[in-house]
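Q: Turn this into a structure:
(one chain, ligands or ions: 2)
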Amino acid sequence: MNSFNHRRYRAFPAVHKPDRRWPNRRMHHAPTWTSVDLRDGNQALVSPMSVAQKMEMFDLLVRMGFKEIEVGFPAASQPDFDFVRKIIEEKRIPEDVTIQVLTQARENLVERSYAALQGVQRAIVHVYNSTSPAQREQVFGLDKEGVKAIAVRGAEWVKAGAARFPETRWTFQYSPESFSNTELDYAVEICEAVMSVWHPEEGQPVILNLPATVESAMPNVFADQIEWFCDHLRGREHVKISVHTHNDRGCAVAAAELAVLAGADRVEGTLFGNGERTGNMDILTMAMNLYSQGLDPKLDLSMGEAISEIYTRCTGMAVSPRHPWFGELVYTAFSGSHQDAIRKGINHRQGQDAAVWEVPYLPIDPADLGRNYEAVVRINSQSGKGGVSHVLERDYGISLPRWLAQEFSAVVQKATEEQSGEITAKQIYALFESHFVKRNGDWQMQRYRLQREGEKVIASVVMGTEAHPRILQGKGSGAVGALVDALIQGAGIYAEVEQFDQHALGAGTGARAMACARVSVESAGTASAVSFGEDTTEAALQSVLSAIGKAGAVVRLHQNDAQKRG
Ligand SMILES: CC(=O)SCCNC(=O)CCNC(=O)[C@H](O)C(C)(C)COP(=O)(O)OP(=O)(O)OC[C@H]1O[C@@H](n2cnc3c(N)ncnc32)[C@H](O)[C@@H]1OP(=O)(O)O
Ligand SMILES: CC(C)C(=O)C(=O)O
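A: Ligands and ions are numbered 1, 2, ... in the order given. Predicted coordinates:
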């Protein structure tokens, strides 16, 4: 029997819900976010955070704008207890932030949780017990009534504990752990039993937190469960409904989003989805999803890099380069057609900063998360002329004409294939220089002079080395034409300029003009060259000479022979 056997599993039952309404809804504002990094995230780490690491993470969460933070399970471990005491005693909790602690529904643990919270201005005491059939049977060995009794007793201990500290504003939270694997009518029954202890209808703030402790179904099923629960809960209007999804099927964010459409007011999750197994719901992703739809996420995520850095330092977990919105590579294009479209899209936006963002392949402006554009286009063997041109423009202020970009992109492509990996902007520029700009001394123009004679231009050019100068003179309708003529007359070189472009350069390049020429030379070959010069004429003449030299032209004739041939 093959152990990879799907018959050991079964389909998750659908919720019968002909009155399903959530698919037609839209999100209009962010839910209340509750970070559980310091509890659910922490309990899943190989090395749970030290007090100092928790402190750094807490400060980050506060800076990001979280107003509710589950700071630990103080009854479970001394560092968790100490951390809660520290932030209370050192008054590290801002006025508008409420801390939350988790406890099992066990009297000694509830008591210890209150001991940790002594003196806090405001707090959420979160009590839980599992309710699914598997947990009832296998963990508690109890029937539905027995498990309900655990929840009710837990609620009573929470209420009694709070009564001992009336100076604190308490919110009570109950989680029927494994809610999404629990019969819906039983989940409602047990939550109503807890509410009958806490009396939210009399003003006691109460949160019912509905977890997909292990994600076992598609997100639409979870949304149905939430809508069903909200529809059937007596006193729904007196409680906040929270969701706490996990990522076992990779859909924690989707499940939380649909749950909000289905009626949830509040969402628990962690940065980068850290948490048990495949993790918790990733608040960064969900918040950025809202942001990218034009909604205020009510969190400041602009310090993207600091968030990744502190998270990595405190948790010891890595951020995947493909992580939605925050991964190192998520605003990077290596592939040619993407680069071409990004370059055109960014150019299209010039001067329209306030316009709605619509750049191909970039769902948001990377600068919003502190990313710079340098990282957007990177070159490897999958890249094309658009990307190569973009890098030269971006980093060196050099714009290549289309025909030359095409030619250069083949040069870069060959280099990337040979070194099988990414090529840096500096390497690209070095290739550009060695292929197009570098010239042989014989083809160096020393000086030139132009004279007008009616419609014609007469060019006098001195080229070659200082030791062996060659003087050429020719006539044409422009400077380049006159040079071509001079080469025939003085050097017996028959060249045709196939492509030519020149333009003035922007500030910062050190030269004021750039010219690009492709020439074909009779009995030699075809080549392209680029020249930078003080003025456009100098650059133009030099680019033609360099290309002729590169094509392999040989100075064959004396001036008189050339004249005979002409
Ligand atoms: C889905 C979640 O993330 S829930 C949060 C889980 N987080 C953690 O567990 C992290 C911190 N936990 C701990 O350090 C420990 O579990 C402690 C300190 C809380 C408790 O430790 P211990 O008492 O030694 O044991 P343990 O956790 O194994 O307890 C299991 C017992 O508690 C019972 N129990 C488990 N959960 C609950 C609950 N929520 N409410 C009441 N009883 C519970 C179990 O049925 C079991 O009872 P049994 O001993 O009669 O069989
Ligand atoms: C305690 C509860 C909310 C929990 O962490 C879970 O079910 O995953």
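Q: Show the contacting residues for Asp80.
A: Applying C-beta atoms under 8 Å, 6 or more residues apart in numbering to Asp80 gives the contacts Asn42, Val71, Gly72, Phe73, Pro74, Ala116. In this view, the C-beta of every residue, glycine as well, is placed from N, C-alpha and C.
Q: residues making contact with the strand or helix carrying the last one?
A: It refers to Ala116. Using DSSP states H and E, Ala116 sits in helix 107-117. Applying C-beta under 8 Å, 6+ apart, the contact partners of helix 107-117 are 74-76, 80-81, 84-85, 88, 101, 103, 123, 125, 127, 153-154, 157-158, 161-162, 164-165, 168.
Q: What is the three-state secondary structure of Pro176?
A: What DSSP: H, G, I helix; E, B strand; the rest coil gives for Pro176 is strand.
Q: Looking at strand pairing, list the partners for it.
A: Counting by DSSP bridges, Pro176 forms beta bridges with Asn129.
Q: residues in contact with the residue nearest in space to the middle of the chain?
A: The residue lying closest to the centre of the chain (C-alpha atoms, centre = their mean) is Trp325, at 2.9 Å. By C-beta under 8 Å, 6+ apart, the contact list for Trp325 reads Leu284, Thr285, Met288, Leu301, Gly304, Ile364, Leu369.
Q: separation between the last one and Ile69?
A: Going from Leu369 to Ile69 by C-beta to C-beta, to the nearest Å gives 22 Å.
Q: Can you pick out the residue with more neighbours from the two?
A: Neighbour count, other C-beta atoms under 10 Å: between Leu369 and Ile69, Ile69 has more, with 24 against 21.
Q: wait, doesn't that one sit right on Val101?
A: No - assessed by C-beta atoms under 8 Å, Ile69 is found out of contact with Val101, at 10.2 Å.
Q: and the closest residue to Arg169 other than its chain neighbours, what is it in contact with?
A: Leaving aside its chain neighbours, Arg169 sits nearest to Arg122 (4.4 Å; criterion: C-beta to C-beta, 6 or more residues apart in numbering). By C-beta under 8 Å, 6+ apart, Arg122 lies in contact with Thr98, Ile99, Thr168, Arg169, Trp170, Thr171.
Q: quick check, the last one in a helix?
A: No - the assignment for Thr171 by three-state DSSP gives strand, which leaves it out of any helix.
Q: do stretch 104-122 and ligand 2 meet at all?
A: No - against ligand 2, stretch 104-122 shows no contacts by C-beta under 6 Å from any ligand atom, the least distance being 9.0 Å.
Q: quick one: terminal-to-terminal distance for that stretch?
A: 20 Å (C-alpha to C-alpha, to the nearest Å).
Q: Do you have the helices of the stretch 151-300 of the chain handy? List them.
A: Applying DSSP state H, counting those that start in this stretch to the stretch 151-300 of the chain gives helices spanning 184-198, 219-232, 252-261, 283-291.
Q: from the contacts of Arg122, which is closest to Asp19?
A: Thr171 (31.2 Å; C-beta to C-beta).
Q: can you tell me how far the closest one sits from Met64?
A: 21 Å.
Q: go on, Ala151?
A: Ala151 is 33 Å from Met64, by C-beta to C-beta.
Q: Out of those two, name the residue with the larger neighbour count.
A: Ala151 (24 against 20).
Q: So for that one, what's the pLDDT?
A: At Ala151, the model reports a pLDDT of 98.
Q: likewise Gly510?
A: Looking at Gly510, its pLDDT is 67.
Q: Same question for the helix or strand hosting Glu407: list its buried residues.
A: Here Glu407 sits within helix 402-419, counting by DSSP H and E. Within helix 402-419, the residues scored as buried using 16 or more other C-beta atoms under 10 Å are Trp403, Leu404, Ala405, Glu407, Phe408, Ser409, Val411, Val412, Gln413, Ala415, Thr416.
Q: Return it as CSV; C-alpha atoms alone will do.
A: What follows is helix 402-419, C-alpha atoms only, in CSV (Å, rounded to 0.1, in the frame of the first residue of the first chain):
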residue,chain,number,x,y,z
ARG,A,402,16.7,51.9,-30.4
TRP,A,403,19.0,50.3,-33.0
LEU,A,404,22.0,50.6,-30.7
ALA,A,405,20.1,49.3,-27.7
GLN,A,406,19.2,46.3,-29.7
GLU,A,407,22.8,45.7,-30.6
PHE,A,408,24.1,46.3,-27.1
SER,A,409,21.4,44.1,-25.5
ALA,A,410,22.8,41.1,-27.5
VAL,A,411,26.3,41.9,-26.1
VAL,A,412,24.9,42.0,-22.6
GLN,A,413,22.9,38.8,-23.2
LYS,A,414,26.0,37.0,-24.2
ALA,A,415,27.9,38.2,-21.1
THR,A,416,25.1,37.1,-18.8
GLU,A,417,24.9,33.7,-20.4
GLU,A,418,28.7,33.3,-20.0
GLN,A,419,28.7,34.3,-16.4
